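Colleague: Test case, fold it:
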Amino acid sequence: MTRFPVVDDCLQVGGVPLTELARRVGRTPFYAYERSLITQRVELLRKHLPPDVHLHYAIKANPMPEVVRHLAALMDGLDVASAGELKLALASGTNPEVISFAGPGKTDAELAEALAAGIVVNLESEREMERLAALGRNHSAPPRVAVRVNPDFELKSSGMKMGGGPKQFGVDAERVPAMLARIGQLGLDFQGFHIFSGSQNLRADAITEAQEKTIELALKLAGHAPSSVRLLNIGGGFGIPYFPGERPLDIAAVCANLARLLDGLRRRLPQARVVIELGRYLVGEAGIYVCRVIDRKISRGQVFLITDGGLHHHLAASGNFGQVIRKNYPVVVGNRVAGSEREVASVVGPLCTPLDLLADNMEMAKADVGDLIVVFQSGAYGLTASPTAFLSHPAPAEVLV
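Modeller: Below you'll find the predicted structure:
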């Protein structure tokens with residue numbers, strides 16, 4: 001919440017008062033992303049990361065074309081998870097050599113598009129490897145591939161565990177050596193490994209432990225590789241605070257430990273380009289979701305602010321995108337942040353379901369019809385992670401300010 005200044009009790013986005021921004025957009029609800037905050041986050045990472053670590057943006061976090069273009073100019077590469085995201089990546093002008101494609105269910109059409117573009121395909125199974133090899137037999141250049149490894153460890157305290165135990169993602173580490181031998185037999189252009197164990201983590205010690213285990217595993221698997229390891233994508237997992245009591249990730253500590261690990265890695269895998277792949281950490285705190293109060297009612301003593309937005313636009317803020325126990329995202333009345341009067345209210349949307357809840361019994365400025373409700377930490381997994389077709393309401397607008 002502190003990343004957006006407040007002037008005359010009105011939130012500012014990119015130097016523009018929220019009320020003025022709403023007039024310019026012309027309608028509510030809308031998402032607004034501030035480009036300067038995205039740039040500042042990249043600069044923070046560049047300041048602390050070892051200089052030879054390559055930064056990639058995972059487009060799935062926020063695929064708004066203007067956001068992708070802005071980040072493409074600041075990144076060393078892009079990571080996609082569908083043919084649609086691949087088109088965005090290529091349209092941004094990014095060199096195909098630094099675009100990679102992950103995802104456990106790539107279709108033949110998607111594999112063919114990746115092959116034609118010359119990007120790296122992160123293989124998620126032996127069958128996917130064979131399918132891509134078959135598609136590449138009549139191609140002028142062999143498919144460029146990396147193996148996505150499902151490690152035998154997980155990222156502790158992560159909001160979403162992507163590795164360790166049975167997973168639909170990647171190839172179990174113990175099966176990778178045989179797969180590497182087959183890659184050599186098939187004549188695929190082996191690049192390296194993608195090892196990603198979890199996301200949304202605020203504990204530096206957990207991330208550093210996972211990075212240590214990731215590099216240890218990569219070194220072990222490299223002994224079975226059909227050629228030199230040229231790419232080692234160690235994922236990310238860097239989280240952002242959403243709820244009371246959560247503290248920002250100590251990025252300096254994470255990067256200092258990574259620098260120590262890379263000293264040893266360079267000696268053993270001198271050709272490997274080490275990649276950190278981030279999404280939420282780059283854009284999550286740079287975005288807000290804005291909706292307007294269209295009714296105010298009191299039911300048995302409880303105040304409800306009914307808005308024109310809700311879970312169909314912002315599923316995560318409603319608590320229905322991975323929360324086990326629902327917690328409120330940070331929410332304010334954007335055009336009266338402090339307010340002359342305060343109250344406890346619930347912010348709900350227009351949908352016919354009790355799940356349509358953006359703030360539950362939350363203390364905020366007293367709001368009335370026409371006021372603007374702001375949900376912070378909304379730059380990642382917002383619009384495109386939401387069921388926009390539910391009850392056939394219009395989709396919200398998006399702006400990069």
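Colleague: any chance you could map the strands in the stretch 151-300 of the chain?
Modeller: Secondary structure of the stretch 151-300 of the chain (DSSP state E, counting those that start in this stretch): strands located at 160-161, 171-172, 189-195, 198-199, 231-233, 273-278, 287-299.
Colleague: which outside residues touch the third one?
Modeller: In this case it means strand 189-195. Contacts with strand 189-195, where a contact means Cβ atoms under 8 Å, 6 or more residues apart in numbering, come from 100, 102, 120, 122, 141-149, 151, 163, 170, 180, 183-184, 214, 217-218, 221, 225-227, 229-235, 272-273. To be clear about C-beta, it is placed using only N, CA and C from the backbone, and glycine gets the same treatment.
Colleague: Any of those residues buried? List them.
Modeller: By neighbour count, with 16 or more other Cβ atoms under 10 Å, the contacts of strand 189-195 hold 100, 102, 120, 122, 142-149, 151, 163, 170, 180, 183, 214, 217-218, 221, 225, 229-235, 272-273 as buried.
Colleague: tell me which residues in the one helix or strand residue 305 maps to are buried?
Modeller: Residue 305 is part of strand 302-307 when elements are defined by DSSP states H and E. If you call a residue buried by 16+ other Cβ under 10 Å, then strand 302-307 has these buried ones: 303, 305, 306, 307.
Colleague: before we move on, what about stretch 175-185?
Modeller: Result for stretch 175-185 [16+ other Cβ under 10 Å]: buried residues 176, 179, 180, 183.
Colleague: Which pair of those spans the longest distance?
Modeller: Between any two of these, the greatest separation by Cβ to Cβ is 9.9 Å, found for 176 and 183.
Colleague: any residues in contact with both of those two?
Modeller: Taking Cβ under 8 Å, 6+ apart as the criterion, residue 176 and residue 183 both touch residue 147.
Colleague: Is residue 299 bridged to anything, and to what?
Modeller: Legend: beta-bridge partners of residue 299 under DSSP bridges are residue 302.
Colleague: Would you quantify the distance from it to residue 317?
Modeller: 21 Å (Cβ to Cβ, to the nearest Å).
Colleague: Tell me which of those two has more neighbours.
Modeller: residue 317 (28 against 8; other Cβ atoms under 10 Å).
Colleague: what's the neighbour count on the nearest residue to the more buried one once chain neighbours are set aside?
Modeller: The shortest distance from residue 317 to any non-neighbouring residue, by Cβ to Cβ, 6 or more residues apart in numbering, is to residue 329 (4.5 Å). As a burial measure, residue 329 scores 19 neighbours (other Cβ under 10 Å).
Colleague: Distance check, residue 329 against residue 308.
Modeller: 18 Å.
Colleague: Residue 112 too?
Modeller: Counting by Cβ to Cβ, the gap from residue 112 to residue 308 is 42 Å.
Colleague: Repeat that for residue 87.
Modeller: Relative to residue 308, and taking Cβ to Cβ, residue 87 is found at 31 Å.
Colleague: And these two? Which one has more around it.
Modeller: residue 308 (19 against 14).
Colleague: I'd guessed that one sits against residue 292; true?
Modeller: Yes. The pair residue 308 and residue 292 passes the contact test of Cβ atoms under 8 Å, sitting 5.3 Å apart.
Colleague: quick one: common contacting residues for those two?
Modeller: With Cβ under 8 Å, 6+ apart as the test, residue 308 and residue 292 both reach 28, 29.
Colleague: residues contacting residue 30?
Modeller: 22, 289, 290, 396, 397, 398, 399.
Colleague: Now flag whichever of these is closest to residue 361.
Modeller: residue 289 (19.6 Å).
Colleague: Tell me, how many residues neighbour residue 131?
Modeller: 17.
Colleague: For it, give its distance to residue 13.
Modeller: 45 Å.
Colleague: Kindly report the same for residue 273.
Modeller: 36 Å.
Colleague: And residue 86, by the same measure?
Modeller: 30 Å.
Colleague: more neighbours, those two?
Modeller: Neighbour count, other Cβ under 10 Å: between residue 86 and residue 13, residue 13 has more, with 24 against 21.
Colleague: OK, contacts around that one?
Modeller: 4, 21, 32, 34, 288, 401 are the contacts of residue 13 under Cβ under 8 Å, 6+ apart.
Colleague: same deal with residue 84?
Modeller: Contacts of residue 84 by Cβ under 8 Å, 6+ apart are residue 63.
Colleague: Work out the gap between the helix or strand hosting it and the centre of the chain.
Modeller: Assigned by DSSP H and E, residue 84 belongs to helix 83-91. Mean-position distance between helix 83-91 and its chain equals 16 Å (Cα atoms, centre = their mean, to the nearest Å).
Colleague: Check stretch 220-239 too.
Modeller: Worked out by Cα atoms, centre = their mean, stretch 220-239 lies 21 Å from the chain centre.
Colleague: From one end of that stretch to the other, what's the distance?
Modeller: Terminal residues of stretch 220-239 lie 28 Å apart, using Cα to Cα, to the nearest Å.
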